[in-house]
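1. following is a predicted model, sequence given first.
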Amino acid sequence: MIRAVDIKKSFGDKEVLRGISSEFYKGKTNLIIGRSGAGKTVLLKILVGLFRPDEGAVWYENQCFFDLSKKETQQLRMKIGMLFQGGALFDSWNVEENIRFPLDMYTNLTLGEKKKRVAEVLEKVELSGVEPKYPSELSGGMQKRVGIARAIVLNPQYLFCDEPNSGLDPKTAIVIDKLIQDITRHYNITTVINTHDMNSVMEIGDNILLLKDGLVAWQGNKEQIITSNDDTILEFIFASPFLKRLRKKALGL
Amino acid sequence: MIGKLIYGLFFQLGQWVLWMNHAFSRPEKLKVYWRETVRQMNELGVGSLPVVIIISVFFGAVTTVQFYYQISGTFVPNYYIGYIVRDMTIIELAPTFTCMLLAGKVGSNIATEIGGMRQKEIIDAMEVMGVNTAAFLVLPRLVAAVFMIPLLVILAAAISILGGYFASVWGHLFTSSEFLQGLHSFFIPYNVYIMLVKAVTFAFLLTTISAYQGYFVKSGSIELGRASTNAVVLSDVAILVADYIIAILMT
């Protein structure tokens, strides 16, 4: 489990996060949602340690991330996998080299063992056989799946995904969502996803955190959204009048 | 305006020094760094060969023709041209101009490649993995440059002198024996040492300045273009300043 405690972060005069406290649960897909500029990416980057908060703390189980020594931070980072918006793959390396990179850096496996592990994770993301291809030869969805494969190659305990569906068609987006959910359940890891894709929210939202004006405006799961009377979450999820009418009809309101 | 410029210059210089300190850390895994170094050696060294060869031939040829133009008809013997071309090439033209040329080719490439990695969040991805990105992005390039650029400079010097020889002989300016006599005259091996010191210093400067420009790039293609331009301009300025300092200290 990951716990964010009273996280505050400003950039110049702009207060982006004004005191975020929340828990992200193990074995669940935890979603951070909110409008553009709500601070989702900033919160995610604070959770993985790319940004340091002005105030507050991030706890991984019983370890406070920003109080760890260099060595402890390194050990914790090996338990973290992250999928970036564009995949963040090295253009000059092929798929195998990209996925193998964390293994090369942090394990003493033989080349054969590493290749076997790469094949395993590629099979998990349903991309077997693409090892020799370069990122430029793959579609956006395939690049995301390679990104996921790299993120899970070290068997992480925590998986972070920054806008995993951006730039994908709805069908591919659902495939990626399901893949992330399967991995979360299969490996029993804590997954935190930053998204503004409402399909994802309703498909895989085990624990949803809505950010508004730098604060947590609503927290719950996908079932609770349907029956909720909270205008903040309803306005956000059912943004179009058509969806609002559809929801009312479904609930017999 | 000037105050702001000076502040900016010192800020950049300070940030560069601090960043370099971070970059000179113990590599997490030597094998991975070595693999990257070999790739950079190939890209930087072998990839720069054609342009260095072409430019060097003409450096030597033009220097020879122009010195002949200045010396012919005077009391200075023709063989002096071979001597002047050799020493000019070794002390100045080969290290300085080759490295300025490489600042344009290799420097802009380094800044664009690392800047692109910053913009595509590849650097963030590596940091999440726990990689010391400053070290991983700088050290292999630096080691490759410090090994390969002196070799390119030696090659540039040899080819430049060869270019001078062919220009004089094929252009019927003077005889080949006069040029060769010049090449053998007043040779000071210490000058080769100066050339190598310059090559290593310039390699260090152009690599680290360019990598720094790319590493701290902000989002957008305009910023990437600016980083690439800054890499070339600042590397060239740094090379010329260092050239002057080395000239004072070593001659």
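-> Structure received.
2. name the residues of chain A found near chain B, please.
-> Residues of chain A lying close to chain B (Cβ under 8 Å from any Cβ of the partner chain) are A:45, A:48-50, A:73-74, A:77-78, A:80, A:82, A:84-86, A:88-92, A:101-102, A:104-106, A:160, A:162. Using the backbone N, CA and C atoms, a C-beta is placed for each residue, glycine as well.
3. out of those, which end up buried?
-> A:45, A:48-50, A:73-74, A:77-78, A:80, A:82, A:84-86, A:88-90, A:101-102, A:104-106, A:160, A:162 (16 or more other Cβ atoms under 10 Å in any protein chain shown).
4. now do the helices in the stretch 151-251 of chain B.
-> In the stretch 151-251 of chain B, the helices defined using DSSP state H, counting those that start in this stretch lie at B:176-184, B:190-215, B:221-250.
5. what parts of chain B come near chain A?
-> Residues of chain B lying near chain A (Cβ under 8 Å from any Cβ): B:28-29, B:31-32, B:39, B:116-117, B:120-122, B:124-125, B:127-131.
6. ok, back up a step: so of the residues of chain A next to chain B, which ones are in strands?
-> Applying DSSP state E to those, the entries found in strands are A:80, A:82, A:160, A:162.
7. wouldn't residue A:150 be in contact with residue A:96 here?
-> No - using Cβ atoms under 8 Å as the test, residue A:150 is too far from residue A:96 to be in contact (10.6 Å).
8. which of the two has more neighbours?
-> With other Cβ atoms under 10 Å in any protein chain shown as the criterion, residue A:150 and residue A:96 differ in neighbour count, and residue A:150 comes out ahead with 29 against 18.
9. skip the chain neighbours and tell me the closest residue to residue B:83.
-> In space, and not counting its chain neighbours, residue B:83 is closest to residue B:182: 4.1 Å by Cβ to Cβ, 6 or more residues apart in numbering or on different chains.
10. all strands of chain B, in order?
-> Under the criterion DSSP E, chain B carries no strands.
11. center of it - which residue?
-> The centroid of chain B falls nearest to residue B:99 when counting by Cα atoms, centre = their mean (2.0 Å).
12. mind pulling up the pLDDT for the closest residue to residue B:65 other than its chain neighbours?
-> The shortest distance from residue B:65 to any non-neighbouring residue, by Cβ to Cβ, 6+ apart, is to residue B:167 (5.6 Å). pLDDT recorded at residue B:167 is 90.
13. just checking, residue B:167 touches residue B:59?
-> No - assessed by Cβ under 8 Å, residue B:167 is found out of contact with residue B:59, at 10.5 Å.
14. where does pLDDT dip in chain B?
-> Residue ranges of chain B with pLDDT under 70: none are present.
15. how about the stretch 1-150 of chain B: which residue is closest to chain A?
-> Nearest residue of the stretch 1-150 of chain B to chain A: residue B:130, at 3.5 Å (Cβ to the nearest Cβ).
16. how many residues are close by residue A:236?
-> Neighbour count of residue A:236, defined by other Cβ under 10 Å: 22.
17. SS state for it?
-> Counting by DSSP: H, G, I helix; E, B strand; the rest coil, the backbone at residue A:236 sits in helix.
18. so what's it up against?
-> By Cβ atoms under 8 Å, 6 or more residues apart in numbering or on different chains, the residues touching residue A:236 are A:33-35, A:210.
19. quick one: buried ones out of those residues?
-> For the contacts of residue A:236, buried by 16+ other Cβ under 10 Å: A:33-34, A:210.
20. show me those residues that map onto strands.
-> Those of the buried ones among the contacts of residue A:236 lying in strands (DSSP E): A:33-34, A:210.
21. pipe these into JSON lines and attach pLDDT per row.
-> Shown next, in JSON lines, are those (pLDDT from 0 to 100):
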{"residue": "A:33", "pLDDT": "91"}
{"residue": "A:34", "pLDDT": "88"}
{"residue": "A:210", "pLDDT": "90"}
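22. tell me the one of these nearest residue A:11?
-> Closest approach to residue A:11 among those (Cβ to Cβ): residue A:34, at 16.6 Å.
23. contact partners for that closest one?
-> Counting by Cβ under 8 Å, 6+ apart, residue A:34 has contacts A:40, A:196, A:210-212, A:217, A:236.
24. whatever residue of the stretch 151-251 of chain B ends up closest to chain A: how many residues sit nearby?
-> Distance from chain A to each residue of the stretch 151-251 of chain B (Cβ to the nearest Cβ) is smallest for residue B:219, at 12.2 Å. Neighbours of residue B:219 under the rule other Cβ under 10 Å: 9.
25. now do residue A:175, the pLDDT please.
-> For residue A:175, the pLDDT comes out at 83.
26. tally of neighbours for residue A:151?
-> When neighbours are counted by other Cβ under 10 Å, residue A:151 comes out with 28.
27. confirm it sits in a helix?
-> Yes - under three-state DSSP, residue A:151 falls within a helix.
28. for the residue nearest to it when sequence neighbours are not counted, list each beta-bridge partner.
-> Closest residue in space to residue A:151, ignoring its immediate chain neighbours: residue A:81 at 3.3 Å, by Cβ to Cβ, 6+ apart. Here residue A:81 shows beta-bridge partners residue A:159, assigned using DSSP bridges.
29. relative to residue B:122, how far out is residue A:81?
-> For residue A:81, the distance to residue B:122 equals 15 Å [Cβ to Cβ, to the nearest Å].
30. comparing these two, which residue is more hemmed in?
-> Neighbour comparison, residue A:81 and residue B:122: the larger count goes to residue A:81, with 30 against 22 (by other Cβ under 10 Å).
31. quick one: that one and residue A:149 touch, right?
-> No - counting by Cβ under 8 Å, residue A:81 sits too far from residue A:149 to count as a contact (9.7 Å).
32. so who does residue A:156 touch?
-> A:78-81, A:187, A:189.
33. mind redoing it with 10 Å?
-> A:77-82, A:102, A:183, A:187, A:189-191 (Cβ atoms under 10 Å, 6 or more residues apart in numbering or on different chains).
34. the residue nearest to residue B:83 touches residue B:68, doesn't it?
-> No - look at residue B:182 against residue B:68 with Cβ atoms under 10 Å: they stay out of range, at 11.4 Å.
35. overlap in contacts, those two.
-> B:78, B:81, B:85, B:164, B:168, B:174.
36. I'd like those residues laid out as a markdown table, including neighbour count.
-> Converted to a markdown table, the shared contacts of residue B:182 and residue B:68 look like this (neighbours: other Cβ atoms under 10 Å in any protein chain shown):
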| residue | neighbour count |
| --- | --- |
| B:78 | 18 |
| B:81 | 27 |
| B:85 | 29 |
| B:164 | 31 |
| B:168 | 26 |
| B:174 | 20 |
